[in-house]
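**Q** next one to model:
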Amino acid sequence: MKKIKCPVCGKETEPVLVKLTVNDPIMCACYECGNTFELTYDLYYGKTRESKKSKKSKQDNRTQGGRFEQELAQKLYEAGFWAHVIQQNKAGQPADIICCKGLYSALIDAKLRSTEGGFPLRRVEENQRYAMKRFTDRTGNACWFAVKLADGEIHMISSLFVFDMIQHDRSAISEDFIRGYTMTFDQWLDEVSERRA
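**A** Okay, the predicted model is just below:
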């Protein structure tokens, strides 16, 4: 059996199996301190096992997120943009959509409102920050986070604002702030059109 950290004395130990029956928990003893303890999945693997329910909810979130990406790309197309949904990969991607219209181009990351409400900044990955910063440096255009709220309204938040919030150790942007101080998708379209004119 592999070494694990004893929950009693805290030392690395190779536990000794004390009791093993079909319906009871696996009981082990620590070589170091001699105390017995239940050998749980967390202790053995050093992580929490995902339940089928949490795996299913993650899949549901991915499905809903994918639908929102397609919906957003369609809205951009209908507004005269060329829009492409960037394929997901294991390493992650810098954004969900790249779009352009005339000389204007943008990277957009589509986010659904979290269950806690608003936009938790932990969902912004390091590779996104790097790629979006490079994109802005090279094009002179800001990148955007499109956040879909509970009522279906889409708000656009500049990546520059999001990165500034992260730099100042903010953990989230509240739904009230999003509604009160950021542009709706339609307002964003108007601003982009004015910039191109």
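**Q** Asp109 - that's part of a strand, no?
**A** Yes. Counting by DSSP: H, G, I helix; E, B strand; the rest coil, Asp109 is found in a strand.
**Q** quick one: residues contacting it.
**A** Asp109 sits next to 94-97, 124, 128, 143-146 when contact means Cβ atoms under 8 Å, 6 or more residues apart in numbering. Where C-beta positions appear, they are placed from N, C-alpha and C, glycine not excepted.
**Q** inside helices: which ones of the residues you listed?
**A** Gln128 (DSSP state H).
**Q** now, among the contacts of Asp109, which is nearest to Ala73?
**A** Minimum distance to Ala73 across the contacts of Asp109 is 5.5 Å, recorded for Ile97 (Cβ to Cβ).
**Q** may I have stretch 81-94 as PDB, with CA atoms only?
**A** The C-alpha trace of stretch 81-94 is given here as PDB (Å, rounded to 0.1, in the frame of the first residue of the first chain):
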ATOM      1  CA  PHE A  81     -19.300  40.600 -38.300                       C
ATOM      2  CA  TRP A  82     -17.300  37.600 -39.400                       C
ATOM      3  CA  ALA A  83     -17.300  35.500 -36.300                       C
ATOM      4  CA  HIS A  84     -15.600  32.200 -35.500                       C
ATOM      5  CA  VAL A  85     -16.000  30.100 -32.400                       C
ATOM      6  CA  ILE A  86     -12.600  28.900 -31.300                       C
ATOM      7  CA  GLN A  87     -12.400  25.100 -30.800                       C
ATOM      8  CA  GLN A  88     -12.000  24.000 -27.200                       C
ATOM      9  CA  ASN A  89      -8.800  22.000 -26.300                       C
ATOM     10  CA  LYS A  90      -7.400  20.500 -23.100                       C
ATOM     11  CA  ALA A  91      -4.700  23.200 -22.800                       C
ATOM     12  CA  GLY A  92      -7.500  25.900 -22.900                       C
ATOM     13  CA  GLN A  93      -7.900  28.700 -25.300                       C
ATOM     14  CA  PRO A  94      -7.400  32.400 -25.000                       C
END
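**Q** circling back to that earlier point, just put the contacts of Asp109 in a markdown table and tack on pLDDT and distance to Asp109.
**A** Output for the contacts of Asp109, formatted as a markdown table (pLDDT from 0 to 100; distance: Cβ to Cβ, whole Å):
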| residue | pLDDT | distance to Asp109 |
| --- | --- | --- |
| Pro94 | 82 | 8 |
| Ala95 | 90 | 5 |
| Asp96 | 93 | 5 |
| Ile97 | 95 | 8 |
| Val124 | 90 | 8 |
| Gln128 | 89 | 6 |
| Cys143 | 95 | 8 |
| Trp144 | 96 | 7 |
| Phe145 | 96 | 5 |
| Ala146 | 96 | 7 |
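**Q** right, and the pair among the contacts of Asp109 with maximum separation?
**A** Within these, Ile97 and Val124 form the most distant pair, 15.7 Å apart (Cβ to Cβ).
**Q** count the residues that sit near Arg129.
**A** 17 (other Cβ atoms under 10 Å).
**Q** is it correct that Glu191 is in contact with Met183?
**A** Yes. Checked against Cβ atoms under 8 Å, the pair Glu191 and Met183 is within contact range at 6.7 Å.
**Q** noted, bye for now.
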